[in-house]
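Student: have a look at this prediction, sequence included:
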Amino acid sequence: MPHIALLISGQPDAALTRSVAAAIADLTVEVLGKPRELIALTLQYLDPAQWIIDGHPLSDSGRNAFQLDISITDETNTKAEKARYLAQVYARMEELIGNLHPTSYIHVIDARAAAYGYGGLTQERRYQLAAR
């Protein structure tokens, strides 16, 4: 926790992958207070000709886009923290990939503790074990 799935328009770029992964991890630690050692990020690239916004591929406009989904345990962050995270992620992605289409989505998924976890344990079970 958390798990982050990130999709970026464009062709695979190892240097960009490293920069984006580091930036997103930093913001996840700084803004949401998540432990760095538990951040798992998967990143994929999608050809701009296959990314359609308002019926038009990004390749027609020359713009870039991204979609970031982050799963966190429900009730562990405030609305204000999540709003700040969305704003800072969007701004950082604009810096990193540039010419960003405003229809780039960030979804903070508040997963129920009893239905989410890692290492074979739900977050709810971890909470119960820690309370003992």
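Tutor: Perfect, thanks for sending it.
Student: what about Gly117, neighbour count?
Tutor: Using other CB atoms under 10 Å, Gly117 has 16 neighbouring residues. All C-beta atoms are positioned from the backbone trio N, CA, C, and that covers glycine.
Student: quick check: closest non-adjacent residue to it.
Tutor: Once flanking residues are discounted, Gly117 sits nearest to Gln123: 5.0 Å by CB to CB, 6 or more residues apart in numbering.
Student: got the contact list for stretch 49-59?
Tutor: Applying CB atoms under 8 Å, 6 or more residues apart in numbering, the contact partners of stretch 49-59 are Ser9, Asp47, Pro48, Asn64, Ala65, His101, Thr103.
Student: if we can go back for a sec, where does the residue nearest to Gly117 fall, phi/psi-wise?
Tutor: phi -60, psi -30 (degrees, to the nearest 10).
Student: same check on His3?
Tutor: Note on His3: its backbone torsions stand at phi -100, psi 130 [degrees, to the nearest 10].
Student: pretty sure it is in contact with Leu38, am I right?
Tutor: No. Taking CB atoms under 8 Å as the definition, His3 is not a contact partner of Leu38, at 9.2 Å.
Student: okay, these two: which has more neighbours?
Tutor: For the pair His3 and Leu38, the greater number of neighbours falls to His3 (17 against 12), based on other CB under 10 Å.
Student: what helix or strand is the residue sitting nearest the centre point of the chain on?
Tutor: For the chain, the residue sitting closest to the mean C-alpha position, by CA atoms, centre = their mean, is Leu68 at 3.7 Å. Assigned by DSSP states H and E, Leu68 belongs to strand 66-73.
Student: after that strand comes which helix or strand?
Tutor: helix 79-97.
Student: so which elements touch that following helix?
Tutor: With contacts defined as 3 or more CB pairs under 8 Å, 6 or more residues apart in numbering; DSSP states H and E, the packing partners of helix 79-97 are helix 14-32, strand 66-73, strand 105-111.
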